[in-house]
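Visitor: Pasted the sequence and its predicted model underneath.
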Amino acid sequence: MSTAGVSSIAQVEIQKGESENLRSPICYIMGHVDAGKTKLLDCIRGTNFQEGEAGGITQEIGATYFPVENLQDKTRELKVGGRLKVQGLLLIDIPGHESFMNLRSRGYGLCDIAILVVDIMDGIKPQTVESLNLLKMRRTRFIVALNKVNKLYEWKSCHNASIVKAMKQQSKGVQT
């Protein structure tokens, strides 16, 4: 069977809502060291792994599987509607320290989507650029997550609000 045939079969299954045989997508959480990757995952999972790491810096790859029910629950307040067509999501936390470069470059070929975490106070750093280059090279879809916006001077917290809604509630100085 050609790869075009496989692609069309998968598409038909998704259209019929028969996603039982589809594998869960793999999502890498990546970015520069201390951008807040593990802390972001801790917030989502309701855990505290980051504080147990030496110097608060992740020393090894971590993986968390979210079944579709958990994804629906975690996104209930944020999503506008629709139905998830996956069994779940496997999140892989990749260390951002430069000594893990070889590990990152080999592993990026396995991910379906990535979340590139950027510390808004530090901006673009060397491992951020490295991650962007690897994502572009492998043509991996990704989302940029600006982290630590709560550290911006005069930031008003907006629990579970989208960034668009939260920005509308900020002063002009914060928006700039």
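Guide: Yep, it's here.

Visitor: number of nearby residues for Asp34?
Guide: Applying the criterion other CB atoms under 10 Å, we find 18 residues in the vicinity of Asp34. For glycine as for every other residue, the C-beta is placed from the backbone atoms N, C-alpha and C.

Visitor: Let me know whether it touches Asp119 as I believe.
Guide: Yes - using CB atoms under 8 Å, Asp34 is in contact with Asp119, at 6.9 Å.

Visitor: Residues touching the helix or strand containing Val174, excluding its own?
Guide: Assigning secondary structure by DSSP states H and E places Val174 in helix 172-175. Surrounding helix 172-175, the residues in contact under the criterion CB atoms under 8 Å, 6 or more residues apart in numbering are 152-156, 167.

Visitor: Among those residues, which one lies nearest to Glu69?
Guide: Relative to Glu69, the closest of those is Met167; by CB to CB it sits at 30.5 Å.

Visitor: what pairs with the host helix or strand of Ile29, and is each one parallel or antiparallel?
Guide: Applying DSSP H and E as the criterion places Ile29 in strand 26-31. In its sheet, strand 26-31 lies beside strand 88-93 (parallel), strand 113-119 (parallel), with partners assigned from DSSP bridges.

Visitor: quick one on the thing from earlier: tell me which two of the contacts of helix 172-175 sit farthest apart.
Guide: Once CB to CB is applied, the contacts of helix 172-175 give Tyr153 and Met167 as the farthest pair, at 15.0 Å.
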